[in-house]
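A.B. asks: Sequence below, structure please.
(one chain, ligands or ions: 2)
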Amino acid sequence: MTFDRKLSRDQTLRSLVEKISELPTLPHVVYKVLQVLNNPNASIRQIAEVLEQDVSLSAQVLRLANSGFYSHAGGATTIDRAITSIGMDSVSQLVFTAAVFNQFELNSVPSFNVREFWKHSLGVAIASETIAQSLGHREPALVYLSGLVHDIGKLVYFQLHRDEWLQVCEWARLERQTIAEAETTLETIPHAELGYELTRHWRLPLMIQEVALGHHNSMTLVNDLEVSENAAVIRIVNLANLLVHSLRYGHSGHNAVRNPKKDLVVQILGDDANLMPLIHKVHVSLSRSEQLLISVAGAESTRPSAN
Ligand SMILES: [Fe+2]
Ligand SMILES: [Fe+2]
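C.D. replies: Ligands and ions are numbered 1, 2, ... in the order given. I've put the predicted structure just below:
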């Protein structure tokens, strides 16, 4: 019985991977900003020139830069100004954020609220960056991008295989499980695998692909991910995800909250006594992000009721 289920699961996964390969890729400017993030010597003009070719994306980026999240943007009216006031890394993050949000035009349904999903994603991006900065990680801007798309497989699921995705959400709600737990119980396709396939299709950096694949398994993976140089980032996003759920910031399909395991915390922070101050830092960063969310995803709408 289980074996039959596995066969049909593999077939469905194959057909979904085919459909993913037909989805549009990200705009050219995203790949340009990713290069910039890897190149400390890139010039402001270089990035502004590419961005200015995409009028609607530059307008979105300027709106985000002036959203109030960046208190020092000071009414920037050009991309050059925005870069000068909030920095190249922040502008690159905004370009990426706007471009990814633009790829999905999905309406919410009662059991899955798309705006709350984006709020969760943005929350995990900001929390991941905050943790990376407090650990002195050398690429906090890239860690932010990894956090932003960690659950992107859920949107792929919702867009391409909606009936099954809504059943997973419903099961998680009734059984008080997380989506990852419900996927295991129901032996459905893990959203992590769909996220991995999409980030691969988008040719995003390996760090982002591995976070999409491993963000629920960072302590138990015994394959290549455990020895990958991105293992530390996978753990950071795993912790950020748990903290954002426990702070009830946004909603990604389930109400269940799981505390981070002590060994995960110790592995990341050295001592679990460092967790409370970190939660406080994350909480402060998230409280500033509401304006950013409104600029990307619009004003508040009804979210699925928690129980
Ligand atoms: Fe997830
Ligand atoms: Fe998540």
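A.B. asks: so where is the stretch 51-200 of the chain shaky, pLDDT-wise?
C.D. replies: Scanning the stretch 51-200 of the chain for pLDDT under 70 picks out 71-73.
A.B. asks: phi, psi of the closest residue to ligand 2 within it?
C.D. replies: Nearest to ligand 2 in the stretch 51-200 of the chain, going by Cβ to the ion, is Asp151, at a distance of 4.1 Å. (C-beta placed from N, C-alpha, C; glycine too.) Per-residue torsions, Asp151: phi -110, psi 20 (degrees, to the nearest 10).
A.B. asks: list the contacts for Ala98?
C.D. replies: 57, 60-61, 64, 296 (Cβ atoms under 8 Å, 6 or more residues apart in numbering).
A.B. asks: 10 Å instead, please
C.D. replies: 27, 29-30, 54, 56-61, 63-64, 295-296 (Cβ atoms under 10 Å, 6 or more residues apart in numbering).
A.B. asks: quick check, it in a strand?
C.D. replies: No - remark: Ala98 does not belong to a strand; assigned using DSSP: H, G, I helix; E, B strand; the rest coil, it is helix.
A.B. asks: Name the SS class of the nearest residue in space to it that is not next to it in sequence, please.
C.D. replies: Spatial nearest neighbour of Ala98, excluding adjacent residues (Cβ to Cβ, 6 or more residues apart in numbering): Gln60 at 4.3 Å. Classification of Gln60 using three-state DSSP returns helix.
A.B. asks: Does Gln60 touch Val91 like I think?
C.D. replies: No - at 11.6 Å, Gln60 and Val91 do not qualify as touching, with contact defined as Cβ atoms under 10 Å.
A.B. asks: Compare neighbour counts for the two and give me the winner.
C.D. replies: Ranked by neighbour count (other Cβ atoms under 10 Å), Gln60 and Val91 place Val91 first, with 28 against 20.
A.B. asks: To which secondary structure element is that one assigned?
C.D. replies: According to DSSP states H and E, Val91 maps onto helix 88-102.
A.B. asks: Does anything pack onto the helix or strand following that helix? Which helices or strands?
C.D. replies: Toward the C-terminus, helix 88-102 is succeeded by helix 114-134 as the next helix or strand (DSSP H and E). When contacts are defined as 3 or more Cβ pairs under 10 Å, 6 or more residues apart in numbering; DSSP states H and E, helix 114-134 sits against helix 88-102, helix 140-148, helix 152-160, helix 231-246, helix 262-269, helix 275-287, helix 290-297.
A.B. asks: hmm, back to that, distance from the helix holding Val91 to the middle of the chain?
C.D. replies: Helix 88-102 has its C-alpha centroid displaced from the chain centroid by 12 Å (Cα atoms, centre = their mean, to the nearest Å).
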